[in-house]
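Novice: this one's structure only:
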């Protein structure tokens, strides 16, 4: 549904004078307004975006260079700190909060001439798999309005597919970029942990949080990753980047492993049929495709939902109603202020994860749950390392189902929602790169094909993803 050409073409057209940065921004803002019913966007950055666009156009008229993303509009998930509008993480707790600085990812994009035009909806504090946990509204799937877009980056995925901008930023803690990409039918990329700075992004679970793009093609994804990747002195978890990610020629992939455990959990016949058709296509193209077992992946969901809430409980402890965020009124004591502010500010899912996280970190249960989960995480890391000694790329579905109907899953039955992450959490626990690209479908909802590579092998993953994209075209 997107009406934008490739990102490099958008930028080239601005630099050549074929169009202007200001007209691109206006195109984005008009689309956001016309498709408001989808609830993809929380707030618009109109004034600042138009000023930046005008500045870029003036620089070009004066013969100055403005970067590889000159005049390209984009949308940021509303857990990225940005200027020009509030940053809320879709939570009442942060309603009215204006960031004092911008996220490093936003700064890097702006340095290359990109223009942030809006903030996308998400599950509050990124806690969810459907964007139904937003404290503001539920985003609708851009293909079928009655269905969810996935989560937690559902607003970002919907915005790209609807054509609101050529690309959007999301965050992936356990599949929150790849799942909405699968449900909406776009490309969602989770880089190797530490490749892209998390500075200025509201934390969910710090040891698995990753920043990545949602786009319409692998080529666009590679260009944005090339801009975002690289060390940041404000983020101590950063790793060294490759020389470039946007050159997608010359993939060396020969052997592909199909993760058998992922197929065991597939609950939708169209998902299985679609991924099997991809496997057949790869075999016909000359790739060696074999089944591979990642035995520990069966334990990954349980491991994730111990470690993740533990980190959430720690990260959300800072929202006490005093420093910043929602402050309750009419309280008589400090203790009552804490209790009432947090009770009013946090939604049901945030409270649930705080309670679980506090429980597994408590003195009586730390060894029984948290320490054991860390041991399982080490086993998951080692199992993937072993698999990558035999296979260049691993393959499977992104999600066990296609997009389900809004309101179909009971908010008081969180397990049914957590199961949406069963095929994505392992990549976060292992810190490896993973991508979801649209798989071939016939008379069906979008299906995501998930490809995974060894830690730090983002370039190889992107090159192979481009080849697969071309084979499936």
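Specialist: In hand now; what should we look at? As the structure is a computational prediction, the values presented were derived from the model and not from experiment.

Novice: Tell me the secondary structure at residue 277.
Specialist: helix (DSSP: H, G, I helix; E, B strand; the rest coil).

Novice: Do I have it right that it meets residue 439?
Specialist: Yes. At 7.5 Å, residue 277 counts as touching residue 439 under the criterion of C-beta atoms under 8 Å. All C-beta spots, glycine's among them, are computed from the backbone N, C-alpha and C.

Novice: Compare those two and say which is more crowded by neighbours.
Specialist: Set side by side, residue 277 and residue 439 show more neighbours around residue 439, with 26 against 17, by other C-beta atoms under 10 Å.

Novice: And stretch 395-406, how far out from the chain middle?
Specialist: Relative to its chain's centre, stretch 395-406 lies at 15 Å (C-alpha atoms, centre = their mean, to the nearest Å).

Novice: pLDDT of that stretch, averaged?
Specialist: Across stretch 395-406, pLDDT averages out at 96.

Novice: What residues of that stretch count as buried?
Specialist: Buried residues in stretch 395-406, defined by neighbour count with 16 or more other C-beta atoms under 10 Å: 395-404, 406.

Novice: For residue 450, give me phi and psi.
Specialist: phi -100, psi 130 (degrees, to the nearest 10).

Novice: check contacts around it.
Specialist: Counting by C-beta atoms under 8 Å, 6 or more residues apart in numbering, residue 450 touches 178, 182, 262, 395-398, 423-424, 434-436.

Novice: Excluding chain neighbours, give the residue nearest to it in space.
Specialist: Nearest in space to residue 450, with sequence neighbours left out and distances taken as C-beta to C-beta, 6 or more residues apart in numbering, is residue 398 at 4.2 Å.

Novice: Hmm, that neighbour is touching residue 422, no?
Specialist: No. Assessed by C-beta under 8 Å, residue 398 is found out of contact with residue 422, at 10.6 Å.

Novice: What's the separation between residue 124 and residue 345?
Specialist: Between residue 124 and residue 345 the distance is 10 Å, computed by C-beta to C-beta, to the nearest Å.

Novice: who's more crowded, the two?
Specialist: A direct count of neighbours by other C-beta under 10 Å for residue 124 and residue 345 places residue 124 higher, at 28 against 24.

Novice: list the contacts for the more buried one?
Specialist: So residue 124 contacts 89-93, 133-135, 346-347, 349-350 (C-beta under 8 Å, 6+ apart).

Novice: end-to-end on stretch 95-110?
Specialist: Stretch 95-110 has an end-to-end distance of 25 Å (criterion: C-alpha to C-alpha, to the nearest Å).

Novice: looking at this, residue 74 is in a helix?
Specialist: No. Secondary structure assignment (three-state DSSP) places residue 74 in strand, not in a helix.

Novice: what sits opposite it in the beta ladder?
Specialist: With DSSP bridges as the criterion, residue 74 is bridged to residue 116, residue 167.

Novice: Let me know the pLDDT of the residue nearest to the spatial centre of the chain.
Specialist: Computing the C-alpha centroid of the chain and ranking residues by C-alpha atoms, centre = their mean puts residue 177 first, at 2.6 Å. pLDDT, residue 177: 98.

Novice: ok now do it, which residues does it touch?
Specialist: 153, 156-157, 170-171, 188-190, 210, 212, 214, 436.

Novice: burial count for residue 284?
Specialist: Residues near residue 284, counting by other C-beta under 10 Å: 9.

Novice: Give me the phi and psi for the residue located most distally from the centre of the chain.
Specialist: Distance to the chain centre peaks in the chain at residue 332, reaching 41.4 Å (criterion: C-alpha atoms, centre = their mean). Note on residue 332: backbone dihedrals following degrees, to the nearest 10 are phi -100, psi -10.

Novice: Now do it against residue 326, distance only.
Specialist: When residue 332 is compared with residue 326 (using C-beta to C-beta), they lie 18 Å apart.

Novice: Could you pull out the strands in the stretch 1-150 of the chain for me?
Specialist: Taking DSSP state E, counting those that start in this stretch, the strands of the stretch 1-150 of the chain run over residues 41-44, 73-77, 115-120.

Novice: List just the one of the ones you listed that sits closest to residue 462.
Specialist: Ranking these by proximity to residue 462 (C-beta to C-beta) places strand 73-77 first, at 18.9 Å.

Novice: excluding its backbone neighbours, what's nearest residue 344?
Specialist: Leaving aside its sequence neighbours, residue 344 sits nearest to residue 328 (C-beta to C-beta, 6+ apart; 5.6 Å).
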